[in-house]
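K.L.:
mind folding the following:
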Amino acid sequence: MSLRWKLIALALFIVFFPLFFLNRYAINYFEDYTSHAMENQMAYQAKMLGELYLRTLNQKGGLEFERYMQDFGQEFETHFAILNPAGVALANAPYQVSNTVSFATRPEVVKALAGNYGSATSLSQDHKFMFYHCAMPLERGGKVVAVAWARRNSSRILKALRKLDAYQRQGMWLAMAIGALLASFLSFTLTRPLRRLTSEAISFARGDRKWTLKATGDDEIAALTRAVGKMSDEIEERNTVNREFVEEVVHELRTPLTAVKGAVEILERSDDPVAQQKFLRNISAQTNRSIRMVAQLRDLTRYDAESIRGLKESLVYQDFLTGLRERVQDLCKIELILPREPIHVTLVPDQIEQVLVNLLDNASRFSPADRDVIVSAEIDGNQLVTTVRDFGPGIPQNVIDKIFDRYFSTEATESRENSGLGLSIARSIISNHGGEILAESVEGKGAAITFFLPLD
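P.N.:
Residues are numbered from 1 along each chain as shown. Here you go, the predicted structure:
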């Protein structure tokens, strides 16, 4: 079942059950109320007739009393009777009962003969309605001399209950119809954008088309549509980056593989040991270059695809750089220029070390053998500033903005030993730390790469 029909079913359930139970409660309450009201009315009328009977005992008004009781009974559709202490009817109207019939065993009469008010109910022979009975004791001189008895059926109550039930059922069905219309309108209004969103997401997932659905409004569905649209844009951007990345990888790996293939073909045709050694060295160099490139590509894709997952550590930056100098002393000679005051910083040590190693590797290839690479650090406001400076030929100004691009190198293609990925990896790591990396250079005097890290 779709969400639309679930909402409609829920709305009908919410409308139907309260109305149904309210209907039942109202009918039961009305039945109890009218039954008690009818019994009270019968008791009052029986008492009034009883008092009238007592006043006529010593008078010659028996016929007049019977006519009054007859009219009274017909008007209220009630059977009245005056019973003697033996339970035999002395007078009754409008329905005549033989004076040989005794009411003495009826429960309400038993109570009345004992001096108490009595009431009871009984079911009609056809089981269609109830009879309500009541009996009032008539006393004289402290003794019960007669009983005023009344009986009425519940036909009027049943008619009123049936009418009430019919009206309430009509109201309930009308309310359900209105509720169904409103629920349908609301469910269609709510689910229409969801259905469009679902259809768009399915088409996008299948690759049938780009995301085109635009959010309208400020409700939750509009917010969800905007979020999914933003996510789809990021997926498209990531797919574009991945496609470009694969194309770049294929292009960059083609050069060393082509060189290896050419060297192998020459080796197969050459018998000159000197030439063979030359091409074997070329194969080894190109193979090592490919291996380095693959390793750096792995690092680059990891740093590009995720934020910092490594556990950050709080450390003293001077101690970190001193330890790094000892670990890379075979790569190059480093001169550290550091402030005396300890610099406390929070970072991922392995990743920042990777940045510095990449920068030092670049600097060592271009610096003169008799010059050290300078690494300096200082605090500037709320940033840690680290600079790696070499004294090589520098970076041409026309390419200085490209040196952080993937595969870019200032070395000639045929003599390249690096993959052109080191600075790109450094930029990804620094960006994931919330920092920035820049390059400065003066041709003929060297280059300086500086990165900025925010201090927590």
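
K.L.:
what pLDDT does residue 323 get?
P.N.:
Note for residue 323: predicted pLDDT of 91.

K.L.:
since we're on it, how many residues are nearby?
P.N.:
13 (other CB atoms under 10 Å). C-betas here are computed from N, CA, C, even on glycine.

K.L.:
next one: residue 332
P.N.:
18.

K.L.:
tell me the SS of it?
P.N.:
coil (DSSP: H, G, I helix; E, B strand; the rest coil).

K.L.:
pull the contacting residues for it.
P.N.:
360, 363, 364, 367, 372, 373 (CB atoms under 8 Å, 6 or more residues apart in numbering).

K.L.:
gap between it and residue 447?
P.N.:
Going from residue 332 to residue 447 by CB to CB, to the nearest Å gives 14 Å.

K.L.:
how is this structure carved up into domains?
P.N.:
Domain assignment for the chain, taken from automatic domain parsing, gives 3-160, 210-305, 313-454.

K.L.:
which one of those domains lies nearest to residue 199?
P.N.:
Closest to residue 199 of the domains of the chain, according to CB to CB: domain 210-305, at 8.7 Å.

K.L.:
lowest average confidence across the domains of the chain, which one?
P.N.:
Taking the mean pLDDT of these, domain 210-305 comes last: a mean of 71.

K.L.:
sorry, back to before: which of the contacts of residue 332 ranks first by neighbour count?
P.N.:
Of these, with other CB under 10 Å as the count, residue 363 tops at 26 neighbours.

K.L.:
apart from its chain neighbours, what residue comes closest to that residue?
P.N.:
residue 390 (3.7 Å; CB to CB, 6 or more residues apart in numbering).

K.L.:
quick one, what contacts the one you found?
P.N.:
Going by CB under 8 Å, 6+ apart, residue 390 touches 362, 363, 364, 366, 367, 371, 373, 374, 446, 447, 448.

K.L.:
closest to residue 190 among the residues you listed?
P.N.:
Nearest to residue 190 out of the contacts of residue 390 is residue 362 (CB to CB; 58.5 Å).

K.L.:
so what does the strand or helix carrying residue 388 touch, helix or strand wise?
P.N.:
For residue 388, the element it lies in under DSSP states H and E is strand 383-389. Applying 3 or more CB pairs under 8 Å, 6 or more residues apart in numbering; DSSP states H and E, we find strand 383-389 packed against helix 349-366, strand 373-380, strand 446-454.

K.L.:
what strands flank it, and is each parallel or antiparallel?
P.N.:
strand 373-380 (antiparallel), strand 446-454 (antiparallel) (DSSP bridges).

K.L.:
let's have those strands in a markdown table, adding distance to residue 190.
P.N.:
A markdown table is the format used below for the strands paired with strand 383-389 (distance: least, CB to CB, whole Å):
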| stretch | distance to residue 190 |
| --- | --- |
| strand 373-380 | 54 |
| strand 446-454 | 44 |
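
K.L.:
most packed of the ones you listed?
P.N.:
Highest mean neighbour count of the strands paired with strand 383-389: strand 446-454, a mean of 21 (counted as mean count of other CB atoms under 10 Å).

K.L.:
that strand vs helix 349-366, what angle?
P.N.:
Going by axes from the mean of the first three to the mean of the last three CA atoms, to 10 degrees, strand 446-454 is angled at 170 degrees with respect to helix 349-366.

K.L.:
now strand 446-454: how far from the chain's centre is it?
P.N.:
Computed by CA atoms, centre = their mean, to the nearest Å, the chain-centroid distance of strand 446-454 equals 46 Å.

K.L.:
can you dump the C-alpha atoms of it in CSV for me?
P.N.:
Extracted as CSV, the C-alpha positions of strand 446-454 are listed here (Å, rounded to 0.1, in the frame of the first residue of the first chain):
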residue,chain,number,x,y,z
GLY,A,446,64.8,29.5,-5.1
ALA,A,447,61.2,28.8,-4.1
ALA,A,448,59.2,28.8,-0.9
ILE,A,449,56.1,26.7,-0.1
THR,A,450,54.1,27.9,2.9
PHE,A,451,51.1,26.3,4.5
PHE,A,452,48.8,27.7,7.1
LEU,A,453,47.1,25.6,9.8
PRO,A,454,44.4,27.0,12.2
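
K.L.:
got the contact list for that strand?
P.N.:
Outside strand 446-454, the residues that touch it by CB under 8 Å, 6+ apart are 345, 347, 352, 355, 359, 362-363, 366-367, 380, 382-395, 423, 426, 430, 433-441.

K.L.:
which SS state does residue 339 fall under?
P.N.:
coil.

K.L.:
ok, it - contacts?
P.N.:
Counting by CB under 8 Å, 6+ apart, residue 339 has contacts 318, 377, 378, 379.

K.L.:
tell me which element the first one is part of?
P.N.:
Here residue 318 sits within helix 317-327, counting by DSSP H and E.

K.L.:
residue 34: neighbour count?
P.N.:
16.

K.L.:
returning to that earlier point: which among the strands paired with strand 383-389 is found nearest to residue 172?
P.N.:
strand 446-454 (66.7 Å).

K.L.:
quick one, that closest one and helix 317-327 angle?
P.N.:
140 degrees.

K.L.:
state the helix or strand in which the residue nearest to residue 113 when sequence neighbours are not counted lies.
P.N.:
In space, and not counting its chain neighbours, residue 113 is closest to residue 144: 5.8 Å by CB to CB, 6+ apart. Assessed by DSSP H and E, residue 144 sits inside strand 143-153.
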